[in-house]
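>>> Attaching a predicted model along with its sequence, questions to come.
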Amino acid sequence: MATKPTKRISPQNLNLKEQVVSINRVTKVVKGGKNLSFSALVVVGDPDAKIVGFGTGKAKEVPAAIKKGIEAAKKNLRKVHVLPTTISHVVLGKFGSGMVLLKPAPEGTGVIAGGPVRAVIQAVGIPNVLTKSIGSHNPHNVVKATIDALEKLRDRRAVADLRGIPVESL
């Protein structure tokens, strides 16, 4: 399924919070020996505006890699349609061999998620949700699958428009 082009969100007027999901030490073997560098996966989001993005950065030192990851994440921000306390329906996001299942939860449940999924859910500001990570546990695939699941969420008005019926009949 092709993704529709979305309008780019400007990070200037948002209150973005960054969270480092994973840092990986990478070595490149060259003729003179091994070149060591670091790769960082970073998630940024504004919980009040329900906006989230992710990015990767690579550099010789960890702080520089994290800074590059934050800049990359700010370039691919996206808006998520959620209810005030949870998500509207069950959704399954896929990327590569990683799958993430998101389920609505009642008030007071909290975020039941682990690792990379928790980082994305907290960045977007969903207070109550149940999650299950299926398949690959690679942090890159899990973050992308979680973002895919969040993009599949629809609000009542969008579903009514797709079906061609009034919102009250849903």
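Everything's here; your move. Numbers count the residues shown, from 1 in each chain.

>>> Next, the buried residues of the lowest-mean-pLDDT helix or strand in the chain.
Least confident helix or strand, the chain: helix 156-163 with a mean of 84, by mean pLDDT, DSSP states H and E. Residues of helix 156-163 classed as buried by neighbour count (16 or more other CB atoms under 10 Å): Ala160. Glycine gets a C-beta too; all of them are placed from N, C-alpha and C.

>>> Specify the residue ranges that define each domain of the chain.
17-78, 80-169 (automatic domain parsing).

>>> would TSV of the ones you listed with distance to Ser10 be doable?
TSV is the format used below for the domains of the chain (distance: least, CB to CB, whole Å):
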stretch	distance to Ser10
domain 17-78	8
domain 80-169	17
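
>>> With respect to Ile9, which of the ones you listed lies nearest?
Nearest to Ile9, of all the domains of the chain, is domain 17-78, at 4.2 Å by CB to CB.

>>> So what would you say the end-to-end distance of that closest one is?
Length of domain 17-78, first residue to last, CA to CA, to the nearest Å: 14 Å.

>>> what's the spacing between that domain and its chain's center?
Remark: domain 17-78 is offset 14 Å from the chain centroid, using CA atoms, centre = their mean, to the nearest Å.

>>> Quick test: name the residue nearest the centre of this structure.
For the chain, Ile147 is the residue whose C-alpha lies nearest the centre (CA atoms, centre = their mean; 3.8 Å).

>>> Let me see the ranges of the strands in this structure.
17-30, 33-46, 51-59, 78-79, 91-95, 98-104, 111-112, 129-135 (DSSP state E).

>>> Lowest mean pLDDT across those, which one is that?
Among the strands of the chain, strand 78-79 carries the lowest mean pLDDT, a mean of 90.

>>> for that strand, packing partners?
Packing partners of strand 78-79 (3 or more CB pairs under 8 Å, 6 or more residues apart in numbering; DSSP states H and E): strand 51-59, helix 139-151.
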